[in-house]
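Asks: I need the structure of the sequence given here:
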Amino acid sequence: MSRWHRHLGIYGVCYDHNKLLVIHKIKGPYKDMFDLPGGSINEYETLRQALKREFLEETGQNILINHQIGTFDFLVDYRYKQTDLTHHIAIFVDVSIEHWTTPEIEAQLKGQAVTTNDSSGVEWIGLEEMTELNSSPLVRKAAAYILNGNVPL
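Replies: Next up, the predicted model:
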């Protein structure tokens with residue numbers, strides 16, 4: 001019997017036409033992959049507060065929350081402490097950028113800004129660029145939402 005680490009996070013799906021705003025992960029189960037901006041919910045923080053904080057930390061942008069897309073889970077072959085697998089539970093929320101700040105976003109789109117302890121930059125990627133090797137399962141699930149308007153469980 002395997003031991004699971006359970007991780008709950010909230011993630012913003014921000015897209016324009018057939019492009020998705022992603023971060024470059026530098027650690028964790030999706031290291032060296034495109035991932036969605038978002039993450040853990042801190043103690044005494046609402047879902048809305050957590051998403052806004054995480055998105056700002058990882059992209060440098062404030063967001064408008066449009067609507068919740070759904071909650072999905074992924075079993076990831078990632079060992080955390082004394083566990084064998086990570087059970088990643090992800091709340092997806094459709095978001096849009098509140099107000100683009102042109103100099104910041106130009107630098108971000110080149111992947112040169114908004115380096116955090118979790119990511120090394122942000123960029124727009126086309127849905128056709130996403131593969132199993134370069135994109136987290138969250139990004140691939142978000143692509144299904146963008147293409148189909150809904151996500152199968």
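Asks: Look up phi and psi at the spatially most central residue of the chain.
Replies: Nearest to the geometric centre of the chain sits L36, at 1.6 Å (Cα atoms, centre = their mean). For L36, the backbone dihedrals are phi -80, psi 140 (criterion: degrees, to the nearest 10).
Asks: right, and it touches H24 too?
Replies: No - L36 is not in contact with H24 according to Cβ atoms under 8 Å; the separation is 11.8 Å. Heads up, the C-betas are built off the backbone N, CA and C, glycines and all.
Asks: And the residue nearest to the centre of the chain, what's its pLDDT?
Replies: L36 is assigned a pLDDT of 97 by the prediction.
Asks: Give the bridge partners for the closest residue to it other than its chain neighbours, please.
Replies: Among residues not flanking L36 along the chain, Y11 sits closest, at 4.0 Å (Cβ to Cβ, 6 or more residues apart in numbering). Beta-bridge pairing for Y11 (DSSP bridges): G38, F92.
Asks: Which residues are in contact with Y11?
Replies: Residues in contact with Y11 (Cβ atoms under 8 Å, 6 or more residues apart in numbering) are L36, P37, G38, G39, L51, A90, I91, F92, V93, L138, A142.
Asks: if we go to 10 Å?
Replies: For Y11, the contacting residues are 35-39, 51, 54-55, 69, 72, 90-93, 95, 136, 138-139, 141-142, by Cβ atoms under 10 Å, 6 or more residues apart in numbering.
Asks: now swap in L21 and tell me
Replies: 12-15, 34, 36-37, 55, 58-59, 61, 63, 95-97, 105, 108-109, 122-125, 142.
Asks: What's the PyMOL line that selects buried ones from those residues?
Replies: Per 16 or more other Cβ atoms under 10 Å, the buried members of the contacts of L21 correspond to this PyMOL selection:
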select buried, resi 12+13+14+15+34+36+37+55+58+59+61+63+95+97+105+108+122+123+124+125+142
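Asks: Done for today, thanks.
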